[in-house]
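A structural model of the following input is requested.
(one chain, ligands or ions: 3)
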Amino acid sequence: MDFIVKSGHPEKQRSACVVVGISKNRRLSSAAERLDEASDGYISNLLRRGDLDGDVEQTLLLHNVENTLCDRVLLVGCGRDRDLDERQFHKINSAAVKALQSCGATEAVSYLTELNVKGRDSYWKVRQTIETAQSVAYRFSDYKTSNGQPKRPLRKLILTVPGRRDLAMGEQAVSDGIAIANGVELAKNLGNHPANVCTPSYLEQEAIALAKRHRNLTVEVLNEDKMAKLGMGALLSVSRGSNEPAKLIVFQYKGKKKEAPHVLVGKGVTFDTGGISIKPAAAMDEMKYDMCGAASVLGTISAVADMKLPVNLIGIIPAVENMPSGSASKPGDIVTSMSGQTIEILNTDAEGRLILCDALSYAERFEPISVIDIATLTGACLVALGHHISAVISNNSTLTNELMHASKISNDKIWELPMNEDYNEQLNSPFADMANIGGRTAGTITAACFLSRFTKKMRWAHLDIAGTAWVGGHHKGATGRPVPLLTQYIMDRCE
Ligand code: BES
Ligand code: MN
Ligand code: ZN
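Ligands and ions are numbered 1, 2, ... in the order given. I've put the predicted structure just below:
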């Protein structure tokens, strides 16, 4: 979808559709007010008749409203003004885009950006509207023989800012919004491809394709031989059971001359059967999403490169497939990680930490300012936080606060879980330096404790996105999270 900003009066917009808000109890927004005046009270008459009350997500489509230059006017219910927060604003914009997708207008001018959202400015409203619109319009139809797209889809959304003085700010919000929305879409696409297509080698090809699109972005891919030479025994143990070769994909984005980089490390298990500790059959198809951490790294790098941010960023993606076979790891096997620490593999389904630990050791060579790993790591995270909030665990409270701040701005939610020596001891093994599981309780925390043993020398944070990276059920699909959070975190580092 294309997005641009404009200022000006609603009755003067020569457009297929003008979108304006109506609050609870038929209160007209100022754009609705202007259209009402132009048309001699046509809109307020309709509202008095009871056609629309202004509840959130209600819509009403009007045609040929007198003394306006547009073909249609879409009234969108906005709920109570005093309840208008990020969540409500998202619902309002979603309802508007859904209605536009089915009304035949391929282009529209939205005045919903004039609504007062608690604590948010015009820049935020414009950017968020773009992220919402592109997300609502998204369809993954690569494998549908008859395509699932709307017949006359919305192609262009024009967003309004109060006056000409605000146009520069609006244009910045549009270009940032588009970069983030495209990063989210890239992450969704990668996540949604089935695992017979999206293999470690597929991720490698996608990484190379992304790097080709940007002048200051390069990618290097290490094969299994190279990884063996580096001593990545933990990572390689996971892919031993698979016919697909493992890949270590390393992006380097250079937006600044001399400065240490930030590093993102994304779990790229393209399918997680559990290995010999095999998973139950129910919903196992969802384990194609076990590379969504990797997808979020690609999405964020794409957004950062599109914005040409003055920052240095490394993206590391350990990509493997976790399969059972005659050559797969067995419970009780002991492997040596790149750090030299030995690991007793008590459960081959706790594979994410095994590939991440070697990728994190590899990150040390970049002497980064910060390292963040992103992983669909534990089912326990779903139990703790459900589908709405990602978990963050870090060895540095400043870094946690920086992520919290980025979370507030991007509206991509995270919540901190604790970590200490009591939990860490749950990983002790009588035979190796550690076990790869920490018992029945606090699974999300003990998984982070495991990773913390490989990040002692760095400012590190871990994001468990097991609950937030995709939705299941009827509307199943990848969400593209936490691309908005990570992109905002990198944007904040450029001040
Ligand atoms: N990829 C899974 C985590 C997961 C499970 C994400 C369900 C989303 C939904 C991970 O590799 C895994 O299997 N973790 C195990 C760890 C356990 C064996 C300690 C889990 O959470 O059950
Ligand atoms: Mn697993
Ligand atoms: Zn997994």
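
name the nearest residue to Ala133, sequence neighbours excluded.
Counting by C-beta to C-beta, 6 or more residues apart in numbering, Val97 is the residue found nearest to Ala133 once chain neighbours are left out, at 4.9 Å. Any C-beta I mention is one placed from the backbone N, CA and C, and that applies to glycine too.

next, that neighbour: phi, psi?
Comment: the main-chain dihedrals of Val97 come out as phi -70, psi -40, following degrees, to the nearest 10.

Ala466 now?
Main-chain dihedrals, Ala466, degrees, to the nearest 10: phi -60, psi -30.

I'd say it and Cys381 touch.
Yes - counting by C-beta atoms under 8 Å, Cys381 is a contact partner of Ala466 at 4.3 Å.

more neighbours: these two, which one.
Set side by side, Ala466 and Cys381 show more neighbours around Ala466, with 29 against 25, by other C-beta atoms under 10 Å.

can you pull out the helices in the stretch 51-200 of the chain?
86-101, 122-137, 167-192, 200-212 (DSSP state H, counting those that start in this stretch).

tell me which of the ones you listed sits nearest to Gly340.
helix 200-212 (25.2 Å; C-beta to C-beta).

which of the residues in the closest one are buried?
Residues of helix 200-212 classed as buried under the neighbour-count rule (16 or more other C-beta atoms under 10 Å) are Pro200, Tyr202, Leu203, Glu204, Glu206, Ala207, Leu210, Ala211.

how close does Met323 get to Ser296?
Applying C-beta to C-beta, to the nearest Å, one obtains 24 Å for the distance of Met323 from Ser296.

more crowded one of these two?
Higher neighbour count among Met323 and Ser296: Ser296, with 36 against 22, using other C-beta under 10 Å.

tell me the contacts of the nearest residue to Gly104 once chain neighbours are set aside?
Ranked by C-beta to C-beta, 6+ apart and with sequence neighbours excluded, the top spatial neighbour of Gly104 is Arg152, at 5.1 Å. Contacts were defined as C-beta atoms under 8 Å, 6 or more residues apart in numbering; by that measure Arg152 touches Gly104, Ala105, Thr106.

not counting sequence-adjacent ones, nearest residue to the residue lying farthest from the centre of the chain?
Note on the chain: the largest C-alpha distance from the chain mean falls to Asp40, namely 45.6 Å (C-alpha atoms, centre = their mean). Spatial nearest neighbour of Asp40, excluding adjacent residues (C-beta to C-beta, 6+ apart): Glu66 at 7.0 Å.

how much space is there between that neighbour and Gly21?
Using C-beta to C-beta, which is the criterion applied here, Glu66 is 20 Å from Gly21.

more neighbours: those two, which one.
Gly21 (27 against 10).

what secondary structure does the more buried one sit in?
The three-state label for Gly21, taken from DSSP: H, G, I helix; E, B strand; the rest coil, comes out as strand.

in contact with the closest residue to ligand 3 within the stretch 351-495 of the chain, which residues?
At 4.5 Å from ligand 3, Gly352 is the closest residue in the stretch 351-495 of the chain, using C-beta to the ion. The contact partners of Gly352, taken as C-beta under 8 Å, 6+ apart, are Lys267, Val269, Asp272, Asp290, Ala375, Thr376, Leu377, Ala447.

show me what the longest strand anywhere in the chain is packed against.
Identified as the longest strand of the chain according to DSSP state E is strand 312-322. Contacts of strand 312-322 with other secondary structure elements, assessed using 3 or more C-beta pairs under 8 Å, 6 or more residues apart in numbering; DSSP states H and E, are made with helix 200-212, helix 233-239, strand 247-254, strand 262-266, strand 268-272, helix 292-306, helix 352-363.

can you lay out these as a markdown table showing distance to Glu421 and mean pLDDT?
Converted to a markdown table, these look like this (distance: least, C-beta to C-beta, whole Å; pLDDT from 0 to 100):
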| stretch | distance to Glu421 | mean pLDDT |
| --- | --- | --- |
| helix 200-212 | 35 | 99 |
| helix 233-239 | 22 | 99 |
| strand 247-254 | 31 | 98 |
| strand 262-266 | 24 | 99 |
| strand 268-272 | 29 | 99 |
| helix 292-306 | 26 | 99 |
| helix 352-363 | 18 | 99 |
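
per-residue pLDDT of Gly148, please?
The per-residue pLDDT reported for Gly148 equals 69.

what's the answer for Val311, then?
With respect to pLDDT, Val311 scores 98.

tell me the phi and psi of it?
For Val311, the backbone dihedrals are phi -160, psi 160 (criterion: degrees, to the nearest 10).

mind listing what it touches?
Here Val311 is in contact with Tyr253, Gly255, Lys256, Glu259, Pro261, His262, Val304, Ile490, Arg493, Cys494 (C-beta under 8 Å, 6+ apart).

in ChimeraX, how would I select just the buried ones from those?
Below is the selection syntax for ChimeraX that covers the buried ones among these, with 16+ other C-beta under 10 Å defining burial:
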select :253,255,261,262,304,490,493
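
with distance to ligand 1 as added columns, please give the contacts of Val311 in CSV.
What follows is the contacts of Val311, written out as CSV (distance: C-beta to the nearest ligand atom, whole Å):
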residue, distance to ligand 1
Tyr253, 27
Gly255, 32
Lys256, 35
Glu259, 34
Pro261, 28
His262, 25
Val304, 26
Ile490, 25
Arg493, 29
Cys494, 32
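
and the closest residue to ligand 1 within the stretch 251-400 of the chain, how far from Ala478?
Evaluated by C-beta to the nearest ligand atom, the stretch 251-400 of the chain has Gly379 as its residue closest to ligand 1, separated by 3.3 Å. Relative to Ala478, Gly379 is positioned 18 Å away (criterion: C-beta to C-beta).

those two: who's more crowded?
When Gly379 and Ala478 are compared on other C-beta under 10 Å, the one with more neighbours turns out to be Ala478, at 25 against 13.

hey, what's that one bridged with?
Trp470 (DSSP bridges).

so what's it up against?
Contact analysis of Ala478 by C-beta under 8 Å, 6+ apart lists Ala187, Lys188, Asn189, Leu190, Gly191, Asn192, Tyr289, Cys292, Ala295, Ala469, Trp470.

of all those, which two lie farthest apart?
Asn189 and Ala469, at 13.4 Å, using C-beta to C-beta across these.

which one's more surrounded, these two?
Between Asn189 and Ala469, Ala469 has the larger neighbour count (other C-beta under 10 Å), namely 29 against 19.

and the nearest residue to the more buried one once chain neighbours are set aside, how many neighbours?
For Ala469, the nearest residue in space outside its immediate sequence neighbours is Cys292; the separation is 3.6 Å by C-beta to C-beta, 6+ apart. Neighbour count of Cys292, defined by other C-beta under 10 Å: 32.
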